[in-house]
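S.K.: With the input below, show me the fold.
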Amino acid sequence: MTFLQTYLAQFDLEGILTSVFNKILSLILLYIVFYFGKKIVHSSIKRILGPSLKFSKQDEGRQKTITRLVDNMFNYVFYFILIYWTLTVLGLPVTSLLAGAGITGLAIGLGAQGFLSDLVNGFFILVEHQFDVGEVVRLTNGPIVIEGTIISVGIRTTQVRDADGTLHFIPNRNILVVSNRSRGDMRARIDIPLSPKADLEKVAKIIEAVNQEHVSSYPVIKTCSVLGAQVAPTGQFSYRIQMTVENGQQYAIYHLFYGLYQEALVKAGIDLPAMSLVTGK
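M.R.: Below you'll find the model as predicted:
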């Protein structure tokens with residue numbers, strides 16, 4: 001017991017507790033300032049940057065892209081400052097740590113290569129206007145293909161939400177091919193399955209009658225071409241109609257007119273064998 005008392009006596013317990021309390025209080029105040037400072041800056045970005053982009057006549061998707069990119073960059077800056085000041089409050093020699101980074105510079109450099117590649121590729125995606133927030137795209141990297149709607153474009157990653165709601169975080173360096181489906185008119189290609197013995201002349205008249213009755217009712221349809229009988233690589237015999245429609249309307253028009261054609265052909269007694277559907281492109 002005497003040994004323990006002698007050992008503890010060499011420490012200034014009151015000073016240690018005071019120092020720990022001061023550091024905890026300082027960290028709490030730091031995080032409070034960080035939280036409200038971050039809120040204020042992000043709010044200011046929306047208030048200042050938003051009207052400026054509208055004044056520059058940028059489209060809505062481009063405005064969201066630039067706003068979220070700037071917001072993303074400020075996040076990196078804020079968290080770097082937070083980490084720096086946290087280490088400083090804890091009394092760690094930040095300057096010495098940064099200077100000592102040269103010892104492990106090679107390892108850090110290897111790890112930073114991917115990060116720098118993300119930044120460079122993200123920069124070119126933005127400058128070349130390859131896609132914006134809200135656009136539907138297909139991103140390809142070899143056998144990996146992700147299709148969906150752009151949710152956010154950052155300086156390091158791009159976020160894409162696919163058809164089933166899954167949110168994908170894609171490093172920008174892994175985006176090799178961008179297929180943007182939200183610019184310009186799109187194509188709805190409808191293949192109606194037919195029996196090889198079907199009366200093609202009768203089928204053509206029925207398809208034409210459906211087109212004359214319904215196509216004019218949908219201004220989103222720019223052109224409608226009846227391509228006629230087709231044979232797929234699988235051997236499936238079909239009758240093809242191709243429509244050029246406004247962007248974003250191809251799937252709705254495809255399903256609508258597929259149903260109209262099918263209903264009219266069945267009503268006329270045309271046999272329609274089963275086949276896999278070909279969606280609008």
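S.K.: contacts and neighbour counts: CA atoms only from here.
M.R.: OK.
S.K.: what about the strands in the protein?
M.R.: Applying DSSP state E to the chain gives strands spanning 136-141, 144-153, 157-161, 167-171, 177-180, 186-193, 221-231, 237-245.
S.K.: partner strands of the first one, parallel or antiparallel?
M.R.: In the sheet, strand 136-141 lines up against strand 144-153 (antiparallel), strand 177-180 (antiparallel) (DSSP bridges).
S.K.: and these, which is most packed in?
M.R.: Ranked by mean neighbour count, these are led by strand 144-153 with a mean of 19 (mean count of other C-alpha atoms under 10 Å).
S.K.: Can you check what angle separates that one from strand 157-161?
M.R.: Counting by axes from the mean of the first three to the mean of the last three C-alpha atoms, to 10 degrees, strand 144-153 lies at 100 degrees to strand 157-161.
S.K.: Which pLDDT value does the model give A101?
M.R.: Listed pLDDT for A101 reads 53.
S.K.: same question, V215
M.R.: The per-residue pLDDT reported for V215 equals 90.
S.K.: one step back: turn the strands of the chain into TSV, including mean pLDDT.
M.R.: Output for those, formatted as TSV (pLDDT from 0 to 100):
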stretch	mean pLDDT
strand 136-141	90
strand 144-153	89
strand 157-161	91
strand 167-171	92
strand 177-180	89
strand 186-193	89
strand 221-231	89
strand 237-245	90
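S.K.: Leaving out chain neighbours, which residue sits closest to F169?
M.R.: Nearest non-adjacent residue to F169, counting by C-alpha to C-alpha, 6 or more residues apart in numbering: Q159, 4.7 Å away.
S.K.: just checking, that neighbour touches H168?
M.R.: Yes: Q159 is within contact range of H168, at 5.5 Å (criterion: C-alpha atoms under 8 Å).
S.K.: quick one, what contacts I175?
M.R.: 139-141 (C-alpha atoms under 8 Å, 6 or more residues apart in numbering).
S.K.: And it, how close does it get to K205?
M.R.: According to C-alpha to C-alpha, to the nearest Å, I175 stands 47 Å off from K205.
S.K.: With L194 instead?
M.R.: With C-alpha to C-alpha as the criterion, L194 and K205 are 15 Å apart.
S.K.: can you check F36 too?
M.R.: 69 Å.
S.K.: Also G154?
M.R.: For G154, the distance to K205 equals 53 Å [C-alpha to C-alpha].
S.K.: out of those two, which sits in the busier spot?
M.R.: It is G154, of G154 and K205, that has more neighbours when counted by other C-alpha atoms under 10 Å, with 23 against 11.
S.K.: Give the closest residue to that one in space, chain neighbours not counted.
M.R.: In space, G154 is closest to L69, 5.1 Å off (C-alpha to C-alpha, 6+ apart).
S.K.: hang on, the one you found packs against T157?
M.R.: No: with contact defined as C-alpha under 8 Å, L69 does not count as touching T157 (10.2 Å).
S.K.: In terms of neighbours, single out the busier of those two.
M.R.: T157 (22 against 19).
S.K.: quick one: the more buried one and I151 touch, right?
M.R.: No: in this structure T157 lies outside contact range of I151 using C-alpha under 8 Å: 11.0 Å.
S.K.: so where do the helices sit in the stretch 51-200 of the chain?
M.R.: In the stretch 51-200 of the chain, the helices defined using DSSP state H, counting those that start in this stretch lie at 60-89, 94-100, 105-127, 200-214.
S.K.: Can you lay out the strands paired with strand 136-141 as CSV showing distance to V220?
M.R.: Converted to CSV, these look like this (distance: least, C-alpha to C-alpha, whole Å):
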stretch, distance to V220
strand 144-153, 21
strand 177-180, 19
